[in-house]
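Q: Provide a 3D model corresponding to the input given below.
(2 chains)
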Protein chains: 2
Amino acid sequence: MSKYAIGIDFGTNSCRTMIVDILNGKELANSVFDYPSGEAGIISDPKNPNLARQNPADYLQGIKVTVKNALDQALTADPSFSAMDIIGIGIDTTGSSPMPVDQAGQPLCFDKRFANNPAAMVWLWKDHTSHAEAELITRKAAELRPEYLAKIGGVYSSEWFWSKLWHCLNTVPDVFAAAYSFVEICDWIPAMLTGETDPLKIKRSVCAAGHKAMFNAQWGGLPDADFLSALDPKLGNLRERLYTHAYPSEERIGFLSPQWAAKLGLKQDIAVAVGAFDAHMGAVGAGIKTGTLVKILGTSTCDVMIWPNTRALKDIPGVCGIVNGSVQGGYFGIEAGQSAVGDIFLWFVNNLVPDAYGKTTEEKFTRLESLANQLKPGESGLLALDWNNGNRTILVDVRLTGLLLGQTLHTQPHEIYRALIESTAFGALTIIDRIEAYGVAIDEVVNCGGLAAKNPLLMQIYADITNRPMKVSQSDQTPALGAAIFAAVAAGGYEHVEEAQKAMTGIKEVYNPNPDNHKIYKELYALYKQLHDGFGIKDGGGRMYNVMKDLLEIRDRVRRAK
Amino acid sequence: MSKYAIGIDFGTNSCRTMIVDILNGKELANSVFDYPSGEAGIISDPKNPNLARQNPADYLQGIKVTVKNALDQALTADPSFSAMDIIGIGIDTTGSSPMPVDQAGQPLCFDKRFANNPAAMVWLWKDHTSHAEAELITRKAAELRPEYLAKIGGVYSSEWFWSKLWHCLNTVPDVFAAAYSFVEICDWIPAMLTGETDPLKIKRSVCAAGHKAMFNAQWGGLPDADFLSALDPKLGNLRERLYTHAYPSEERIGFLSPQWAAKLGLKQDIAVAVGAFDAHMGAVGAGIKTGTLVKILGTSTCDVMIWPNTRALKDIPGVCGIVNGSVQGGYFGIEAGQSAVGDIFLWFVNNLVPDAYGKTTEEKFTRLESLANQLKPGESGLLALDWNNGNRTILVDVRLTGLLLGQTLHTQPHEIYRALIESTAFGALTIIDRIEAYGVAIDEVVNCGGLAAKNPLLMQIYADITNRPMKVSQSDQTPALGAAIFAAVAAGGYEHVEEAQKAMTGIKEVYNPNPDNHKIYKELYALYKQLHDGFGIKDGGGRMYNVMKDLLEIRDRVRRAK
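A: Okay, here's the model as predicted:
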């Protein structure tokens, strides 16, 4: 008799519920819900392009809609399916996406005093309003607690927990004062499903805690109160209303509450796993093991590796984080990534491609891909930097911007499209080189996420530029699958993640590098590196480090004055 | 009783005939003819993006069509007009646009052996196939005849006469061997109208000779045979079949031949002036005098000044040329320019602007301009280099390409459009700064050409960036008007160009700089200069000099191998 697990993946624009047969990984149902708030779920501010927030009500609505639809789908797919055979629920989300909550664990934006106040909502991972705070945290940590920085690649990011909280305190002090605690949505959603109302009792994810909040069991959990008070005494005070322990996702956070079981048409005793970030669960859904680099290619990308926690591992400068247990228990999780990949292509197609290429975004992509595919590497004379949303790895700098170089009066959109894909592949290679330079060998690269499944041109270019076979994971939705794997383990369906992976994951396709293309790309990569170091590294080879930053400073000043 | 002059302006894509009342500059007729050959008159080669040629048959057809139409228009505009009152014809053309001719002065491409052979046609000014030859000429001249380089800004260009002839010799030796002589189209067209069939008897333009062929009366005309033979003995041999004297356009090249008079419905004794380049005649049509910078703003731009030849004038590095008499007799003509201005906007609008901005090119421009006009300087965070067609002044380097920097995931087409306009204004300011640094004071800037007349946003940005009032010339077609002025002088209607200018030219409009905008633009200009010097100057501030060149080298290699 089959048993099933539910994985729910909360992405940037939508959430997805998957129902999986835990014996063979068969996906019986996949139901998607687009967030209704803001623009594609993102609440923004025309005056402040760095701002990106989310309404947590969208998540609750999304769970109700997608679980119901998925149960219907599963029954259609397999008439012998029964909701009673579902043994666990796993949750993955974006992050760091923290949210202020009251003493009853309710989002502050549900309080009518703060309704429609973006600061009382979810501070989405890609919110970059707190870059000044991030810089100060990096500076203070370098001075007072250099050990904190070593594990996060040397630079604390504006996308992360403390930067966001501090910026809230600095700019919206009434919201900060009203917040009893702050909770990552990967912790809040599963806790809420189990009926946990006390923020201090939520079993928090070690993935979020370790990668984004500088949590480390070695130094007693979160950064100490003295350090936080050195930033601001109010942050020091907050520490007591956060958490002292953090858990991997094999752990159960609790059981589905009677209220939610009734709402969703499920049993009450279903195990709910500790939450984690989409990339980390996605890596598990892609079959991660020691030596495997999993690339989750979507609007942004995450690169994930694991390394046995019994073996020595150097700190890797510029790599976002190394956290014990963040992907699975017994291993260090190593996380790197690119702040925008699919988002760059979407931006380009939606803003800079004439309708001669097609009427819809999809038609335009199809035409661009077909024409770009006919180009040889180097043929366009174009070179781009993939920094439209900053650089997460290895520069860890949101105050960087895009660059396109080499355009003539003959340059065509599909040439630029190919150059943009190549720029993200050069960015990917920069990460691979950095990780290997610090002793972590990469034996295989497994790709997952929307771009891996749908963009063969991109996959071939990645193979040609990195000179490595690009494998594509069997599932198109590895975060949801990974969440289901953790649900299965948390519910006791498997003892270890490895066993569940063996049964539930696989490889669908392999793109092999073309040696002729790689030869040209080696030359282009040297030029990419020259631009990368020139614009990205202070006192680097090119002395261009100030240009993008000065422009952003002028831009922000002009916008504030307008 | 009124007297009239005809000015015929041969542009890149079309030619235009203007009939002007020489007493008051009133334009009675303006007739345009689009060249039928190639794409908008340009014969190109998909395998070689540097190639741009033109079919001289288009010119002959253009004269017949436009003069006839213009005569009809003039009669409609003023019933008292009579073709018998036309006293002269002036001709301006693009350049350096040389063409191989046979012993009878016929274009080699009219010979059926060479029909459809682009090398036997006009080598259009923007043909960049000969960049390797240009580099070699610069190197040889630096070694053997440094005085040649001093007058042309220090670098010999691939757009110029000797580069093109040498490239023809190197790559299409049969065409070179068959060529009795080479003639600039600004010399060939007026000579042909007078019935002159001997290429060695054509009165050649000192404007073309001095600015493009290193002709200088001080050193005996064209570069000496020893120097040319050091490039290639065949070039040394050719020297005898070119010319030893060159003339300003106040001079008469001859009288309209009976055949052409009959074809056009004009008198036979009409004076035809010595030809010159469009920018130089355009400067005269815009009312150039000492201290006036005339900017001819079109697909590319030319900046023209004059300086009394009785006063000392330093050589100005990077400024295309200083030639005695090239604009008018008694003055040094100083020529600078930008290789692409309107062409960059056209490229952008035709290739990278979605139809949401409008269905036609014109609608798109209108919408872009309206939205870009609402932006403050610096607000977009974008910065561009205006090098999509290389840099003519002050870097004199066709192996440079465009650059756009600062794009995020929110960047909109109208923001890029404004950044592109700004980049051309920064390029313009770079030229102004260089000219003034060498002692030539600029008291006023008069703009003419299509962009000056039709793009108020551009004019305002130029005023704000340069912090100088931008005046717009009264005539929208100053090259044709300038040609008519020279026709009037060559025919004896006026004794001096200055008198004709007083009667026939004027200012229509002035854009004054906004001090707040200029303040921000000063900051942006510093960043522009950083990119300009970093990518444009060898061993310059940024050490990025190789990037664009390496990319082009890779591009050309890949295309050749395809």
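Q: And the contacts of the helix or strand hosting A:A141?
A: Using DSSP states H and E, A:A141 sits within helix A:131-144. For helix A:131-144, the surrounding residues in contact (Cβ atoms under 8 Å, 6 or more residues apart in numbering or on different chains) are A:50, A:148-149, A:154-158, A:160, A:162-163, A:166-167, A:170, A:214, A:227, A:230-231, A:398-399. Any C-beta I mention is one placed from the backbone N, CA and C, and that applies to glycine too.
Q: Please list only the buried members of those.
A: Neighbour-count burial (16 or more other Cβ atoms under 10 Å in any protein chain shown) is assigned, among these, to A:50, A:148-149, A:154-158, A:160, A:162-163, A:166-167, A:214, A:227, A:230-231, A:398-399.
Q: Let's see which of those end up in strands.
A: A:N50 (DSSP state E).
Q: so what's the closest residue in space to A:N517 that isn't next to it in sequence up against?
A: Distance criterion Cβ to Cβ, 6 or more residues apart in numbering or on different chains; nearest residue to A:N517, sequence neighbours excluded, is A:D464 at 3.9 Å. By Cβ under 8 Å, 6+ apart, A:D464 lies in contact with A:P377, A:A425, A:P513, A:N514, A:N517, A:H518, A:Y521.
Q: let's go with 6 Å and repeat that
A: Each residue near A:D464 by Cβ atoms under 6 Å, 6 or more residues apart in numbering or on different chains is listed here: A:P513, A:N514, A:N517, A:H518, A:Y521.
Q: in which helix or strand would I find it?
A: Here A:D464 is assigned to helix A:456-466, by DSSP H and E.
Q: next helix or strand past that helix?
A: Taking DSSP H and E, what comes next after helix A:456-466 is strand A:470-473.
Q: Please enumerate residues in contact with stretch A:444-458?
A: Residues contacting stretch A:444-458 (Cβ under 6 Å, 6+ apart): A:282, A:286, A:292-298, A:342, A:369, A:373, A:421, A:468, A:470-473, A:476, A:478.
Q: on that earlier part again, distance from the helix holding A:D464 to the middle of the chain?
A: Here helix A:456-466 is found 22 Å from its chain centre; the criterion is Cα atoms, centre = their mean, to the nearest Å.
Q: Output that helix as PDB, restricted to C-alpha atoms.
A: Output in PDB follows, covering the C-alpha atoms of helix A:456-466 (Å, rounded to 0.1, in the frame of the first residue of the first chain):
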ATOM      1  CA  PRO A 456      18.200  23.700 -23.600                       C
ATOM      2  CA  LEU A 457      20.200  26.600 -25.000                       C
ATOM      3  CA  LEU A 458      21.000  27.800 -21.600                       C
ATOM      4  CA  MET A 459      22.000  24.300 -20.400                       C
ATOM      5  CA  GLN A 460      24.300  23.800 -23.400                       C
ATOM      6  CA  ILE A 461      25.900  27.200 -22.900                       C
ATOM      7  CA  TYR A 462      26.500  26.400 -19.200                       C
ATOM      8  CA  ALA A 463      28.100  23.100 -20.300                       C
ATOM      9  CA  ASP A 464      30.300  24.800 -22.900                       C
ATOM     10  CA  ILE A 465      31.400  27.600 -20.500                       C
ATOM     11  CA  THR A 466      32.100  25.500 -17.500                       C
END
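Q: The closest residue to chain B within the stretch 151-300 of chain A: neighbouring residues, count only.
A: Per Cβ to the nearest Cβ, A:T299 is where the stretch 151-300 of chain A lies closest to chain B, at 9.2 Å. A:T299 sits with 22 neighbouring residues when counted by other Cβ atoms under 10 Å in any protein chain shown.
Q: What residues does the stretch 1-150 of chain A have near chain B?
A: A:P49 (Cβ under 6 Å from any Cβ of the partner chain).
Q: can you rerun that using 10 Å?
A: Those residues of the stretch 1-150 of chain A that sit near chain B, judged by Cβ under 10 Å from any Cβ of the partner chain, are A:S44, A:P46, A:P49, A:N50, A:K126, A:H128.
Q: now do the stretch 351-500 of chain A
A: A:351-357, A:359, A:364, A:375-385, A:387-390, A:400-413, A:415-416.
Q: Where does the prediction get shaky in chain A?
A: Within chain A, the stretches with pLDDT under 70 are A:1, A:540-542.
Q: tell me the residue furthest from the middle of it?
A: Here the centre of chain A is the reference, and by Cα atoms, centre = their mean the most remote residue is A:L409, at 37.9 Å.
Q: how about the strands in the stretch 401-550 of chain A?
A: Secondary structure of the stretch 401-550 of chain A (DSSP state E, counting those that start in this stretch): strands located at A:402-407, A:444-448, A:470-473, A:507-511.
Q: And for the stretch 1-150 of chain A?
A: Read by DSSP E, counting those that start in this stretch, the stretch 1-150 of chain A holds these strands, from start to end of the chain: A:4-10, A:14-21, A:27-34, A:43-45, A:48-54, A:86-93, A:98-101, A:122-123.
Q: And the last one, how far out from the chain middle?
A: Spelled out, that is strand A:122-123. 14 Å.
Q: Quick one: closest of the strands of the stretch 401-550 of chain A to A:N546.
A: Nearest to A:N546 among the strands of the stretch 401-550 of chain A is strand A:402-407; the distance by Cβ to Cβ comes to 14.2 Å.
Q: what pairs with that closest one, and is each one parallel or antiparallel?
A: Applying DSSP bridges, strand A:402-407 is found paired with strand A:383-385 (antiparallel), strand B:402-407 (antiparallel).
Q: ok, back up a step: for the residue farthest from the centre of chain A, give me its contacts.
A: The contact partners of A:L409, by Cβ atoms under 10 Å, 6 or more residues apart in numbering or on different chains, come to B:49, B:126, B:299, B:339-340, B:343-344, B:346-348, B:350-351, B:388-389, B:401-402.
Q: Please repeat the previous calculation with a cut-off of 8 Å.
A: B:A340, B:D343, B:I344, B:W347, B:N388, B:N389.
Q: Now it: closest residue in space, sequence neighbours ignored.
A: B:W347 (4.7 Å).
Q: host element of the residue of the stretch 201-350 of chain A found nearest chain B?
A: Using Cβ to the nearest Cβ, A:W347 is the residue of the stretch 201-350 of chain A that sits closest to chain B, at 4.7 Å. Assigned by DSSP H and E, A:W347 belongs to helix A:342-352.
Q: Okay then, goodbye and thanks.
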